[in-house]
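J.: Attaching a predicted model along with its sequence, questions to come.
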Amino acid sequence: MTHSVLFDAPGPHTVRRHRLYGVVALVGLLAVLAFVIKRFYDAGQFEGDKWEVFVTPDYVQVLLVDGLLNTLKMAAVAIVGASVFGFALGVAKLSDHGLVRWPAWFVVEFFRAVPVLLLMVFTWFLIGINRDGSSFWAVVIALTLYNGAVLAEVLRAGVNAVPKGQREAAYAIGMRKAQVMNIVLLPQAVKIMLPAIISQCIVALKDTALGQYVLAPGLTRIYKEIYLEFNNRVPTMIVIAALYILVNLVLTALATWAQKKFVGERKPLEVSMVGHLDSGRSA
Amino acid sequence: MEAVFDNFDAYLKAFGYTFALFLVSGALSMLLGTFLVAMRVGPIAVLRWAGATYVTVVRNTPLVIVFAFFSFAAPTLDIKFNWLDVHIGQFDFTAFYGAAVVSLTLYTSTFVCEALRSGVNAVPLGQAEAARAIGLPFGGVMREVVLPQAFRAALPPLASVQIALIKNTSVAAVFGIAEATAQMRGLLNDFGATQRYGIFICFAAGYVLIVEVFSFLSSRLERRWRVAT
């Protein structure tokens, strides 16, 4: 057990008491778990033919290729787009010129305050709901705009997190504004930002599931196809959720690794929240 | 844009549902999140482990799937919200609303828990040590000394979590609640050919307004509550 500052190292009496609490809690949790499993069992959710589809090679292939791969594709395209969009907006927000800074600020605040789903529905209708691939691009564009706005804020926080002396030293040796940004600040900022960018990938990946509302391809569509065919809504839902969780855990591990490798023990970036009016005015 | 003004009652009613979802699940998620954080930092290993597992699993599941579970899977397991049948004015809060609130609460509470945990970690070590030194047990340390300060320190991330919740209420549209996003989709369906920009701007403005008012209030609160340094 790791030592915590919140309580003393327990003495023999307290250890016994904690052990009792632990056992009671464990019994309680197991009871809840048993209740859930019994409900599932009574509802016939554990019958073999409801799960058989997930060990049938053809369907596993459909699940992984048409489902997971499409979902990952949407998330990947969106995150690449969001990086470009966010990079441009972030640099614009750091500009010395109000004419560049204020529109960028407005765009960032707008897309951060509007629900992704609302954007998705709008872009879907904008592209034309009956056009081929419209739902795919609706998801990608909505996620690009939203995550781009967030990444712009991450970039700004990253550049501001570079020690002040770096900028001053760069100016002192006679670099121009653009050089200071491109040669000195951004390379260091990107390193600090990396964990935050990977965390944003998790957000983008989870939000691809919203594509269900605009009939997008990916795991949510496969989910519908499978449960309509085999009438196994609950098992399919569990499998789909497990796939999402698995990929997200891999990404989380990657973010932790990147944090250790590139940032060290320093605190993760703190990105200011929406609506802080002073957030566009630094530098 | 005329489509929205012609249906302004429906527009307001849709945002009423959005707001109702936010208020109820926001309050409940704060309660559940506080409870979870007590489990996660407490001395009982089983509860620590259970809290961590819950947070990891729910946080990494897309909200749509949490919603789908309580809307479609739970009824087959006999977990129903049929008992919920409240009518206030022109608003109906029925089984769909119950499922939506439960999903939003369970999902958001994991983020509340993590925000509070970062707040607990931000409380200076000496505070907890001093509280222990005067003989407070774990419950007392948390209740009297650590949590009040943790809430203050966690206010900015908590506000972000609640803002995310405001936006996440839009997911309820997928599951049969006539809140703002569903209303917009309906209007786009009917008038989308000619007025799609106007409709989008009206609905986006509604969300932006709620979010900005909330973040204004929370930044006021933050200033007032800031721990003196």
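T.: Noted; the coordinates are in hand.
J.: Run a quick neighbour tally on B:Asn189.
T.: If you count neighbours by other C-beta atoms under 10 Å in any protein chain shown, B:Asn189 ends up with 12. All C-beta atoms are positioned from the backbone trio N, CA, C, and that covers glycine.
J.: pLDDT on the strand or helix carrying it, on average?
T.: B:Asn189 is part of helix B:180-225, with elements assigned from DSSP states H and E. The average of the pLDDT scores along helix B:180-225 is 87.
J.: That helix packs against which elements?
T.: In terms of contacts (3 or more C-beta pairs under 8 Å, 6 or more residues apart in numbering or on different chains; DSSP states H and E), helix B:180-225 is packed against helix A:98-113, helix A:116-127, helix B:2-6, helix B:8-41, helix B:155-168.
J.: how much distance is there from that helix to the middle of the chain?
T.: Taking C-alpha atoms, centre = their mean, to the nearest Å, one finds helix B:180-225 lying 17 Å from the centre of the chain it belongs to.
J.: if we can go back for a sec, export the helices and strands packed on helix B:180-225 as CSV, with columns for mean pLDDT and distance to B:Thr110.
T.: Formatted as CSV, those follow (pLDDT from 0 to 100; distance: least, C-beta to C-beta, whole Å):
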stretch, mean pLDDT, distance to B:Thr110
helix A:98-113, 91, 21
helix A:116-127, 90, 19
helix B:2-6, 78, 35
helix B:8-41, 91, 7
helix B:155-168, 90, 10
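J.: which one of the ones you listed lies closest to A:Ala149?
T.: Proximity to A:Ala149 (C-beta to C-beta) singles out helix A:98-113 among these, at 3.8 Å.
J.: List the buried residues of that closest one.
T.: Residues of helix A:98-113 classed as buried: A:101, A:104-105, A:107-113 (neighbour count, 16 or more other C-beta atoms under 10 Å in any protein chain shown).
J.: For that helix, list the C-alpha coordinates in PDB.
T.: C-alpha atoms of helix A:98-113 as PDB (Å, rounded to 0.1, in the frame of the first residue of the first chain):
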ATOM      1  CA  GLY A  98      -4.900  42.600 -32.900                       C
ATOM      2  CA  LEU A  99      -6.400  42.200 -36.400                       C
ATOM      3  CA  VAL A 100      -5.000  38.600 -36.500                       C
ATOM      4  CA  ARG A 101      -5.400  37.800 -32.800                       C
ATOM      5  CA  TRP A 102      -9.000  38.700 -32.300                       C
ATOM      6  CA  PRO A 103     -10.600  36.800 -35.200                       C
ATOM      7  CA  ALA A 104      -8.500  33.700 -34.100                       C
ATOM      8  CA  TRP A 105      -9.700  34.200 -30.500                       C
ATOM      9  CA  PHE A 106     -13.300  34.400 -31.700                       C
ATOM     10  CA  VAL A 107     -13.000  31.300 -33.800                       C
ATOM     11  CA  VAL A 108     -11.400  29.300 -31.000                       C
ATOM     12  CA  GLU A 109     -14.000  30.400 -28.400                       C
ATOM     13  CA  PHE A 110     -16.900  29.600 -30.800                       C
ATOM     14  CA  PHE A 111     -15.800  26.100 -31.700                       C
ATOM     15  CA  ARG A 112     -15.000  25.300 -28.100                       C
ATOM     16  CA  ALA A 113     -18.400  26.400 -26.800                       C
END
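J.: That one and chain B in contact?
T.: Yes: shown here: helix A:98-113 in contact with chain B (C-beta under 8 Å from any C-beta of the partner chain) through A:109-110, A:113.
J.: Which one of those is nearest to chain B?
T.: For the residues of helix A:98-113 next to chain B, the closest approach to chain B (C-beta to the nearest C-beta) belongs to A:Ala113, at 4.2 Å.
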